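J.: Provided below for reference: sequence and predicted model.
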Number of protein chains: 2
Amino acid sequence: MSEADDFLKVARAAREAAAELAPLPRAAKDVALRAIADALVSRAKEIIEANALDVAAARESGTPETMIDRLRLDEKRVEAVADAVREVADLPDPVGEVIRGSTLPNGLELRQIRVPLGVVGIIYEGRPNVTVDAAALCLKSGNAVLLRGSSSAYRSNTALVQIMQDALGDTEVPPGAVQLVPGTTRDSVKHLMRARGLVDVLIPRGGASLINSVVEESTVPVIETGVGNCHVYVDADADLDLALEILVNAKTQRPSVCNAAETFLVHAAVADAFVPAALARLAKEGVTVHGDERIASYGAGDVPAATEEDFGNEYLSLDIAAAVVESLEDAVAHIRRYGSAHTDAIVTRSQKAARRFVALVDSAAVAVNASTRFTDGGEFGFGAEIGISTQKLHARGPMGLPELTSTKWVYTGDGHLRTSTGTVIAGN
Amino acid sequence: MSEADDFLKVARAAREAAAELAPLPRAAKDVALRAIADALVSRAKEIIEANALDVAAARESGTPETMIDRLRLDEKRVEAVADAVREVADLPDPVGEVIRGSTLPNGLELRQIRVPLGVVGIIYEGRPNVTVDAAALCLKSGNAVLLRGSSSAYRSNTALVQIMQDALGDTEVPPGAVQLVPGTTRDSVKHLMRARGLVDVLIPRGGASLINSVVEESTVPVIETGVGNCHVYVDADADLDLALEILVNAKTQRPSVCNAAETFLVHAAVADAFVPAALARLAKEGVTVHGDERIASYGAGDVPAATEEDFGNEYLSLDIAAAVVESLEDAVAHIRRYGSAHTDAIVTRSQKAARRFVALVDSAAVAVNASTRFTDGGEFGFGAEIGISTQKLHARGPMGLPELTSTKWVYTGDGHLRTSTGTVIAGN
């Protein structure tokens, strides 16, 4: 059988499983999730053995040790993965929630109810724990899942998916609801991206190049996630000590994640007071500032010039671009031009400036006097997160379980008929 | 200038206008909508003159009179269009609505707020009143709109858009927020479908072939609308008189619309009692039934055989496909296989059957003991409708003003910083 046939087989199996899974009540799904968690722990040895082969292959091909550490699974990490599944089981079930409801003037009872999306495809890089996290979130929200992880983790993912499917065998959730996309070639991704009708939504998780290629090539609807060129704007009315702490936290607390700051903008009125202190502190924290001319003028020659590329860049490192702006409106224009509409922060004591910044900045999240690092499903209280959407359709910002659902309208009558003059009840 | 350049010019103007329009309060938008309504009435003569040229050209090219009637505008129709704009002005503004909000355990104030999508592209056929309806709904929800109507209505649409832009000239809403896609060629649609980054969402309104081609070719996110292969399932426990009235209403009350029934399914246990009466009544109503063998067996030779194509077809005419099924589950399987996931109805007295049908049928709307004709933004109390989505992402079923919005997360703190052990407030 060709890889394309293999893919169709698993995609159709997922489709069928999705139909069985969708109407299951919460209790059945939670039992299944706990069975998965137990199986992962009891079969940890198999997982670690498969993972060791991935690790050895990665090492042989010269993968850097930091990457290998992300790939590596040990008993403790498998236990953490299982615990995360149990936490998902403890979360409320979004399916069946009545979002809107009313009795219409004609007596029809109308309800809008959350239902699963169906089959969710996830394309991701790096760590094999995502395989289990993503599967757990999809199952909890009543969706079947097609997983396409990094080829470097293929043996680990194969073992994890096999164990999950086996665990589901003794539950009401059909084992076919969790599927690994077969194969490690570029084509195996393509099959997933072209499976319109079999896959309801595709969520790429990873770097900008992965996400852009999926957006370009997919005929399945995509939810873009995760690229964050986040800004901190220091307003003319900012508490400058606060601004510096927020800037340093947003840049350095965890530079490799999408909600870290990548640019700061300073109102000209406070540039003299803020920029020298900021440059000194950021240097102390190991951060390289790439500044425009005015930022550089405070820097005694140690500020590399920011190019257009710097302003558009998601460094994910201890680098930050910086510019002085003439006004809040200029800051907003800069953010609109270069930003990725993930999270942008203003630091200000002015209520008016805060309101205006919030109104004008068109991003998934806008922070006022807070670090950009709080844009996160966990921090928002969602309990779990499948990614952070930077698009406007369907979901925007951190995506929890409700964002993995659609809705269905249900209306119930007594023989309600529509006529040109209004509703008639049959038999009355 | 080429057509592509012309398109880019209007798309960029819409993009800029969208940024200005988004933060405007309701009052400013309502004033603008009323100015549009007034201008349409006071300049009705220009509209009717431009429309007369479209009508003459359509007649010359042999367009059927029913189509010409749809195209034609007179003073009364222009007034009705203006009244519809005033009704949109009277609707509540979805923008700014706080959908979720809480104070997080760390004291951050978190709000999820409705914001406009940005630039909405609409591709539609036929009637020029859609030009104004769609523009009004987009403006009310804070969106700029790029309109691509039928080439047969190009002169009418040009006049309507010019009048709307002129009317906006005296208001806070930038005139650039309403734009007609220049040109009448197939390429002009392509420009719109490829304008990712300039256009936030594309809504095709029209027949299946239009919608399919947009879904296939567009790199801009699409909301599919309007194809309705709706089913009426007559359960074993149905009140058969009620079932017949619902079936006749769903099929005949307005056969040309997407929520009309296109197939009926009858449980084998009531086929003897229901089918002969249904065939007689439908014949009397002028409906041709395309039946499977068992339906045909009641028909004395006057029931054409239903093919696979019949079951998959949206007739939009006085035709209906029909089959006998062995069980509710078979009815659901039939609907899943052939349906378009628009609206499907069950007629039953059994609470259990109703619950099961609602749970298993994965459609935008499920009706219980009611005609499928009620799946409609007006009937649901939305006040207006931009279309009926048959997809699962973003919006499903009738789309009103809230479905033309996205959301933005706003969080406000006092210098909130994220650390590995929890939140720290700067300066405390």
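T.: Everything's here; your move.
J.: Which residue is the nearest non-sequential neighbour of A:Arg356?
T.: A:Leu328 (6.0 Å; Cβ to Cβ, 6 or more residues apart in numbering or on different chains). (C-beta placed from N, C-alpha, C; glycine too.)
J.: tell me which parts of the stretch 201-350 of chain A are close to chain B?
T.: A:201, A:215-216, A:219, A:221, A:223, A:239, A:241-242, A:245-246, A:249, A:253, A:336 (Cβ under 8 Å from any Cβ of the partner chain).
J.: Farthest-apart pair in those residues, please.
T.: In those, two members sit farther apart than any others by Cβ to Cβ. They are A:Thr219 and A:Asp241, at 51.7 Å.
J.: Which of the two has more residues huddled nearby?
T.: Using other Cβ atoms under 10 Å in any protein chain shown, the more surrounded residue of A:Thr219 and A:Asp241 is A:Thr219, with 16 against 13.
J.: what about the more buried one, which helix or strand?
T.: Assessed by DSSP states H and E, A:Thr219 sits outside every helix and strand.
J.: For it, give me its contacts.
T.: For A:Thr219, the contacting residues are A:Met193, A:Arg194, A:Arg196, B:Val215, B:Glu216, by Cβ atoms under 8 Å, 6 or more residues apart in numbering or on different chains.
J.: of all those residues, which comes closest to A:Asp310?
T.: The closest of these, once distances to A:Asp310 are taken by Cβ to Cβ, is A:Met193, at 31.6 Å.
J.: What's the local residue count around the closest residue to A:Thr63 other than its chain neighbours?
T.: Of all residues not flanking A:Thr63 in the chain, A:Ser152 sits nearest, at 7.1 Å (Cβ to Cβ, 6+ apart). Using other Cβ under 10 Å, A:Ser152 has 22 neighbouring residues.
J.: Where does the prediction get shaky in the stretch 301-428 of chain A?
T.: Within the stretch 301-428 of chain A, not a single segment meets pLDDT under 70.
J.: Please, where are all the helices along it?
T.: All helices of the stretch 301-428 of chain A, identified by DSSP state H, counting those that start in this stretch, fall at A:308-312, A:328-338, A:351-360.
J.: got a list of what A:Asp200 touches?
T.: A:Asp200 touches A:Leu117, A:Gly118, A:Val119, A:Val120, A:Asn143, A:Val220, A:Pro221, A:Ser406, B:Lys392, B:Leu393, counting by Cβ under 8 Å, 6+ apart.
J.: if I read this right, A:Asp54 contacts A:Thr158, doesn't it?
T.: No: A:Asp54 is not in contact with A:Thr158 according to Cβ atoms under 8 Å; the separation is 9.7 Å.
J.: These two - which one has more neighbours?
T.: Between A:Asp54 and A:Thr158, A:Asp54 has the larger neighbour count (other Cβ under 10 Å), namely 24 against 16.
J.: May I ask you to name the longest strand in chain A?
T.: Criterion DSSP state E: the longest strand present in chain A is strand A:405-419.
J.: Direction included, what does that strand pair against?
T.: Neighbouring strands of strand A:405-419 in its sheet, by DSSP bridges, are strand A:109-116 (antiparallel), strand A:422-425 (antiparallel), strand B:365-370 (parallel).
J.: May I have the second one as PDB, with CA atoms only?
T.: In this case it means strand A:422-425. Extracted in PDB, the C-alpha atoms of strand A:422-425 (Å, rounded to 0.1, in the frame of the first residue of the first chain):
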ATOM      1  CA  GLY A 422     -46.200  33.800  10.300                       C
ATOM      2  CA  THR A 423     -46.000  30.500  12.100                       C
ATOM      3  CA  VAL A 424     -48.900  28.000  12.100                       C
ATOM      4  CA  ILE A 425     -49.000  24.900  14.300                       C
END
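J.: What lies in contact with that strand?
T.: A:Asn106, A:Gly107, A:Leu108, A:Gly413, A:Asp414, A:Gly415, A:His416, A:Leu417.
J.: Please report how far whichever residue of the stretch 151-300 of chain A sits closest to chain B lies from B:Gly415.
T.: Minimum separation of the stretch 151-300 of chain A from chain B (Cβ to the nearest Cβ) falls at A:Glu245, amounting to 3.6 Å. Distance, A:Glu245 to B:Gly415, using Cβ to Cβ, to the nearest Å: 6 Å.
J.: overlap in contacts of those two?
T.: Common neighbours of A:Glu245 and B:Gly415 (Cβ under 8 Å, 6+ apart) are B:Ala426, B:Gly427.
J.: and A:Thr103, what does it touch?
T.: A:Glu109, A:Leu110.
J.: Show me what it is bridged to.
T.: Going by DSSP bridges, A:Thr103 forms beta bridges with A:Glu109.
J.: Next, the buried residues of the longest helix along chain A.
T.: Longest helix of chain A, by residue count under DSSP state H: helix A:3-21. Going by neighbour count (16 or more other Cβ atoms under 10 Å in any protein chain shown), the buried part of helix A:3-21 is A:Glu3, A:Phe7, A:Val10, A:Ala11, A:Ala13, A:Ala14, A:Arg15, A:Ala17, A:Ala18, A:Ala19, A:Leu21.
J.: and which of these is nearest chain B?
T.: So of the buried residues of helix A:3-21, ranked by how close each gets to chain B (Cβ to the nearest Cβ), first place is A:Ala19, at 7.0 Å.
J.: doesn't B:Ala333 make contact with the closest one?
T.: No: between A:Ala19 and B:Ala333 there is no contact, the gap being 9.2 Å when judged by Cβ under 8 Å.
J.: Alpha carbons only: can I get stretch A:116-124 in PDB?
T.: Output of stretch A:116-124 as PDB, limited to C-alpha atoms (Å, rounded to 0.1, in the frame of the first residue of the first chain):
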ATOM      1  CA  PRO A 116     -17.100  18.600  18.800                       C
ATOM      2  CA  LEU A 117     -15.400  19.800  15.600                       C
ATOM      3  CA  GLY A 118     -15.000  16.200  14.400                       C
ATOM      4  CA  VAL A 119     -11.500  15.300  13.300                       C
ATOM      5  CA  VAL A 120      -8.700  17.600  14.300                       C
ATOM      6  CA  GLY A 121      -5.300  17.400  12.600                       C
ATOM      7  CA  ILE A 122      -2.200  18.600  14.600                       C
ATOM      8  CA  ILE A 123       1.200  19.200  13.000                       C
ATOM      9  CA  TYR A 124       3.900  19.800  15.600                       C
END
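J.: quick check: mean pLDDT across it?
T.: Throughout stretch A:116-124, pLDDT has a mean value of 96.
J.: just stretch A:75-83 next, same as before
T.: Here the average pLDDT along stretch A:75-83 is 97.
J.: now swap in stretch A:38-55 and tell me
T.: Here the average pLDDT along stretch A:38-55 is 98.
J.: Just the residues contacting that stretch, thanks.
T.: When contacts are defined by Cβ under 8 Å, 6+ apart, stretch A:38-55 is touched by residues A:68, A:71-75, A:78-79, A:81-82, A:85, A:128, A:132, A:152-156, A:158-160, A:163-164, A:166-167.
J.: Filter these down to just the buried residues.
T.: A:71-73, A:78, A:81-82, A:85, A:128, A:132, A:152-156, A:158-160, A:163-164, A:167.
J.: which residues touch the nearest residue to A:Ile346 once chain neighbours are set aside?
T.: Of all residues not flanking A:Ile346 in the chain, A:Phe357 sits nearest, at 4.1 Å (Cβ to Cβ, 6+ apart). Going by Cβ under 8 Å, 6+ apart, A:Phe357 touches A:Tyr233, A:Asp235, A:Leu328, A:Ala331, A:Val332, A:Ile346, A:Thr348, A:Val366, A:Val368.
J.: The host helix or strand of the first one pairs with which strands, and in what direction?
T.: Spelled out, that is A:Tyr233. In this assignment (DSSP H and E), A:Tyr233 forms part of strand A:230-234. Here strand A:230-234 has these sheet partners by DSSP bridges: strand A:261-267 (parallel), strand A:343-347 (parallel).
J.: Let me have these in CSV, extended by mean neighbour count.
T.: Formatted as CSV, the strands paired with strand A:230-234 follow (neighbours: other Cβ atoms under 10 Å in any protein chain shown):
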stretch, mean neighbour count
strand A:261-267, 28
strand A:343-347, 32
